[in-house]
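[1] quick one, fold the following:
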Amino acid sequence: MAKKGYQYRFREPGASPEKGGSPKPRYRKEIENGMIIERDVKVPMRDGVSILVDVFRPEDESKAVPPLIAWSPYGKHSPTKYEYFPGCGVTSKDVSPYAAFEGPDPAYWVPRGYAVINVDTRGTWHCKGAATFISPEEAQDFYDLIEWAGTQPWSNGKVGLTGVSYLAIAQWRVAELRPPHLAAINPWEGWTDTYREIVRHGGIPETWFWPFLQQFMAFSTTQVEDLLSETKEHPLFDAFWESKSAHPERITVPAFVVASWTDQAMHLRGTLEGFKKLSSKEKWLDVHGRRKWAYYYDPENKKRLQEFFDHFLKGIKTSVTKWPKVRLEVRERFFVGKIREEDEWPIAKTRYTKLYLNAEEAKLGREPAPKERVASYNSLGGGPGAHRATFVYTFKEPTDLIGYMKARLFMSTDESDDMDVFVGIWKLDAQGNVVYFPHYQIHNDGPVALGWIRASHREMDEISSREFQPVLAHRRELKLSPGEIVELNIEIWPSATHFEGGEQLLMIVQGTDINKYPKHVLYARHEDSVNRGKHNIYTGGVRASYLLVPVV
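    A predicted model of the protein is given here:
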């Protein structure tokens, strides 16, 4: 069907629900571990198609309770085990068998006076209809489920939303529609701009996680949206990708938003953009440096989330009204950091400072290099010569860098009409050793922050851009001529890092992914390259390339 100038593409399901561990649906009501469990409840949507949900609620029905919804295409029967992701910090011992993947655990919430609703979305598993993802139609279905949950006899009429990743992305989309019974949301690390934050980093196609994700949304008896075909049909930001972008400025309900510095190339940017743009008068942000699933199921964090929901869904006076609006972990090294409390994001007292690249000395400095020099590297990383350019800055005194960085680089290439450029920011100790951080959910050798750009996508969205955060328009391609020197403004995703005097910031610029892992390992990759030959970075003189850093 036609939608705002584009068409959905659908494909046959990748596997049967039974192969994914979901038996044929059959309504049943049971009592287990002090919970009433209703499985395969049919909930009609506005067009007559029904989705299936499992409802977990207290055995004592004398008091109405608030529902918490976990909206997900991954299967309400919880088919995905955290052991599939070694090193993620969560095992099956940390959650009960009742919890949907990345969702709230009924074994925790139901005894505390909540209902939990796990969902199979339209067209997934045994639900009828055609499945679309991160779409306006999906948001309408979510709206209908919220209104259903808010009007059940066992419900107190105040619905809350919580969950990680897709379960957070869906919250942004439905909350902007303002369902009357929606009372509070908890987006726990979920992107808001599918194109910029997951599909095309800086305009460079992401070639591993986005296709990998389709495997988890392929179990069906009908048809599912063919996201990969659509991605090929829509290489630029257009009406299709606009339909998969959230509008947090339309959201007014109370929100407790959680992000992680470790989620470079996935959820970090979008979660912070969501918080920045929220119109909610009552909103809080927590940004940590740990692993997202482990942080979500951590006992102390579950207690904090309960304080939030107790206040807004039950009307209980809790400490949430005294929370700092922004709570940040400023990282020092792996799993070591200090909590900083602020009133806003980005931090208002930030001093954005330019560190100029010096190709002759491979350093960053407070003043532009007097002479123009060129740093060159092999853009595909192979063959003789350098495969990256590096620049180092040594801190003279303790310094916190908290917020957005930007690289403004003057660059050229001699053999191609385009360039894929990757930037990595790292911390070195006083002896020059790399200080690693948790990275991309399961890795232990992460950077401070990452940035990317495809040179033909360098045109900026002047309305959305800020001096510290360039936002690319992605509306057209601007190809290069061999040897043409162009200015590239590269958004480097946010971070918060403490440097002692004598410690160093290392900036790496190269033509391939900064971190590399075996192909079977979970990671964001960019292997559809436009690079050939050498890349040249111009420093000093009239082409003073620099790194802008946020000093707080």
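[2] can you give me the helices in the stretch 201-350 of the chain?
    Ranges of helices within the stretch 201-350 of the chain are 209-216, 227-233, 239-242, 268-277, 292-297, 299-314, based on DSSP state H, counting those that start in this stretch.
[3] what sits up against the fifth one?
    Contacting residues not belonging to helix 292-297 are listed as 82, 88-90, 94-95, 102, 105, 164-165, 188-189, 258, 260, 262-263, 267, 288, 301, 441 [CB atoms under 8 Å, 6 or more residues apart in numbering]. For the C-beta atoms, the positions are set from N, CA and C on the backbone; glycine is no exception.
[4] mind doing that once more with 7 Å?
    82, 88-90, 94-95, 102, 164, 188-189, 260, 263, 288, 301, 441 (CB atoms under 7 Å, 6 or more residues apart in numbering).
[5] verify the stated contact: Tyr108 with Lys302.
    Yes. Between Tyr108 and Lys302 there is a contact under CB atoms under 7 Å: 6.0 Å.
[6] so which of those two has more stuff around it?
    Using other CB atoms under 10 Å as the criterion, Tyr108 and Lys302 rank with Tyr108 on top: 20 against 16.
[7] one step back: now the helices of the stretch 201-350 of the chain in TSV, with mean pLDDT?
    Formatted as TSV, the helices of the stretch 201-350 of the chain follow (pLDDT from 0 to 100):
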stretch	mean pLDDT
helix 209-216	91
helix 227-233	97
helix 239-242	97
helix 268-277	98
helix 292-297	96
helix 299-314	98
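[8] rebuild these as TSV, extending it with distance to Ser416.
    Output for those, formatted as TSV (distance: least, CB to CB, whole Å):
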stretch	distance to Ser416
helix 209-216	24
helix 227-233	21
helix 239-242	26
helix 268-277	28
helix 292-297	37
helix 299-314	47
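[9] to Ile537, which of those lies closest?
    Of all the helices of the stretch 201-350 of the chain, helix 268-277 sits nearest to Ile537, with 24.3 Å by CB to CB.
[10] show me what that closest one packs onto, helices and strands only.
    For helix 268-277, the elements it packs on are strand 255-260, strand 486-499, judged by 3 or more CB pairs under 7 Å, 6 or more residues apart in numbering; DSSP states H and E.
[11] now, of those, which is deepest in the fold?
    Neighbour counts (mean count of other CB atoms under 10 Å) averaged over each of these peak at strand 255-260, with a mean of 26.
[12] restricting to C-alpha, output that one in PDB.
    Output in PDB follows, covering the C-alpha atoms of strand 255-260 (Å, rounded to 0.1, in the frame of the first residue of the first chain):
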ATOM      1  CA  ALA A 255      10.000  10.000  31.200                       C
ATOM      2  CA  PHE A 256      13.000   8.300  32.800                       C
ATOM      3  CA  VAL A 257      15.500   7.900  30.000                       C
ATOM      4  CA  VAL A 258      18.600   5.700  30.200                       C
ATOM      5  CA  ALA A 259      21.600   5.700  27.900                       C
ATOM      6  CA  SER A 260      25.100   4.300  27.800                       C
END
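[13] contacts for that strand, please.
    With CB under 7 Å, 6+ apart as the test, strand 255-260 has contacts from 185-189, 267-268, 271-272, 274-275, 278, 280, 283-290, 292, 295, 305, 308.
[14] what pairs with that strand, parallel or antiparallel?
    Strand 255-260 has the following strand partners under DSSP bridges: strand 182-188 (parallel), strand 283-288 (parallel).
[15] I'd like those strands as JSON lines, with mean pLDDT, mean neighbour count and distance to Trp241 appended.
    Compiled in JSON lines, the strands paired with strand 255-260 are given as follows (pLDDT from 0 to 100; neighbours: other CB atoms under 10 Å; distance: least, CB to CB, whole Å):
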{"stretch": "strand 182-188", "mean pLDDT": "98", "mean neighbour count": "26", "distance to Trp241": "20"}
{"stretch": "strand 283-288", "mean pLDDT": "98", "mean neighbour count": "23", "distance to Trp241": "26"}
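[16] want to throw the ones you listed into JSON lines with distance to Lys396?
    JSON lines is the format used below for the strands paired with strand 255-260 (distance: least, CB to CB, whole Å):
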{"stretch": "strand 182-188", "distance to Lys396": "38"}
{"stretch": "strand 283-288", "distance to Lys396": "27"}
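[17] wait, which of those is closest to Lys354?
    Across those, closest to Lys354 is strand 283-288 (CB to CB), at 24.8 Å.
[18] before we move on, the earlier item: redo the helices and strands packed on helix 268-277 as JSON lines? Include distance to Val65 and mean pLDDT.
    JSON lines is the format used below for those (distance: least, CB to CB, whole Å; pLDDT from 0 to 100):
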{"stretch": "strand 255-260", "distance to Val65": "19", "mean pLDDT": "98"}
{"stretch": "strand 486-499", "distance to Val65": "37", "mean pLDDT": "98"}
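[19] sorry, back to before: nearest to Lys406 among the helices of the stretch 201-350 of the chain would be which one?
    Closest among the helices of the stretch 201-350 of the chain, using CB to CB: helix 268-277, at 13.3 Å.
[20] what residues does stretch 317-337 touch?
    261, 284-290, 307-308, 310-311, 338-345, 400, 402, 435-438, 496-498.
[21] show me the shaky parts of the protein.
    Across the chain, the ranges flagged by pLDDT under 70 are 1-4.
[22] do you know how far the residue nearest the centre of it is from Ala168?
    In the chain, the C-alpha nearest the mean C-alpha coordinate belongs to His267, at 0.8 Å (CA atoms, centre = their mean). Relative to Ala168, His267 is positioned 7 Å away (CB to CB, to the nearest Å).
[23] anything in contact with each of the two?
    When contacts are counted by CB under 7 Å, 6+ apart, His267 and Ala168 are jointly contacted by Glu189, Gly190.
[24] coming back round to it: now the buried members of the contacts of stretch 317-337.
    Buried subset of the contacts of stretch 317-337 (neighbour count, 16 or more other CB atoms under 10 Å): 261, 284-290, 307-308, 310-311, 340, 342, 345, 400, 402, 435, 437-438, 496-498.
[25] ok, the nearest residue to Ile485 once chain neighbours are set aside to Glu225 distance?
    Spatial nearest neighbour of Ile485, chain neighbours left out: Ser412 (4.6 Å); criterion: CB to CB, 6 or more residues apart in numbering. From Ser412 across to Glu225, the span is 40 Å (CB to CB).
[26] now swap in Glu18 and tell me
    Separation of Glu18 from Glu225 (CB to CB): 22 Å.
[27] which one of these two is surrounded by more residues?
    A direct count of neighbours by other CB under 10 Å for Glu18 and Glu225 places Glu225 higher, at 22 against 13.
[28] partners of the more buried one in the sheet?
    Beta-bridge partners of Glu225, as defined by DSSP bridges: Phe10.
[29] how close does it get to Thr121?
    In terms of CB to CB, Glu225 sits 11 Å off from Thr121.
[30] need the residues touching each of these two.
    When contacts are counted by CB under 7 Å, 6+ apart, Glu225 and Thr121 have Ala131 as shared neighbours.
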